[in-house]
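Asker: Take this sequence and fold it.
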Amino acid sequence: MPADLTADRLSELAVETLEEAAFVFAEAADPPPPFAGDVLEARLHYSGPARGVLGLRASSGFAAGLAANMLGADCADPESDRRSADALGEMVNMLAGAVLLELFGPDSKASIGVPTVKPVSQDSAPAGCLAHLATEEGDRLDVFLRPANGGPP
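Answerer: Residues are numbered from 1 along each chain as shown. Below is the predicted model of the structure:
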């Protein structure tokens, strides 16, 4: 039986994952700062004792900085858009490991899908358990978790 996951705990897991994997320092933000520029959304499906979707939303500028931190990539090279999307996808992948461990425990069998990344409107809001973060640089990052059955995560 999956555990309930609050927005506060989801926020904590995201902050820990960002710090450990990319040296990005963030904290919960309510209200969140506005997105600066274009917004990318990375999401992946998970299954196990329950199924659902985990996702991250961030500005393309944040994603470029994330790529630089994670991959040592130059944000100005011709491949930077692809690398930015890859970095955001990899971050949601790493976060999924922490979230599924929290939801289902260490002995449960769970699997995650391949992350997809696409541009989204700044004005649209994903459904599900939502945590808003702000980085030290003032970038906004939204984290959402939506179980397949529409119930609590």
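Asker: ok, residue 98 - contacts?
Answerer: Contact partners of residue 98, counting by Cβ atoms under 8 Å, 6 or more residues apart in numbering, are 13, 16-17. All C-beta spots, glycine's among them, are computed from the backbone N, C-alpha and C.
Asker: If we only consider the residues you listed, which is nearest to residue 104?
Answerer: Closest approach to residue 104 among these (Cβ to Cβ): residue 13, at 13.5 Å.
Asker: The closest one touches residue 97, doesn't it?
Answerer: No. If you go by Cβ atoms under 8 Å, residue 13 and residue 97 don't touch, sitting 9.7 Å apart.
Asker: Those two: who's more crowded?
Answerer: Neighbours were counted for residue 13 and for residue 97 using other Cβ atoms under 10 Å; residue 13 has more, 21 against 13.
Asker: In terms of pLDDT, where does that one sit?
Answerer: Listed pLDDT for residue 13 reads 97.
Asker: list the contacts for it?
Answerer: 95, 98-99, 102.
Asker: Name the helix or strand for residue 143, please.
Answerer: Using DSSP states H and E, residue 143 sits within strand 140-147.
Asker: ditto for residue 108
Answerer: Counting by DSSP H and E, residue 108 is found in no helix or strand.
Asker: how many other residues sit next to it?
Answerer: If we define neighbours as other Cβ under 10 Å, then residue 108 has 14 of them.
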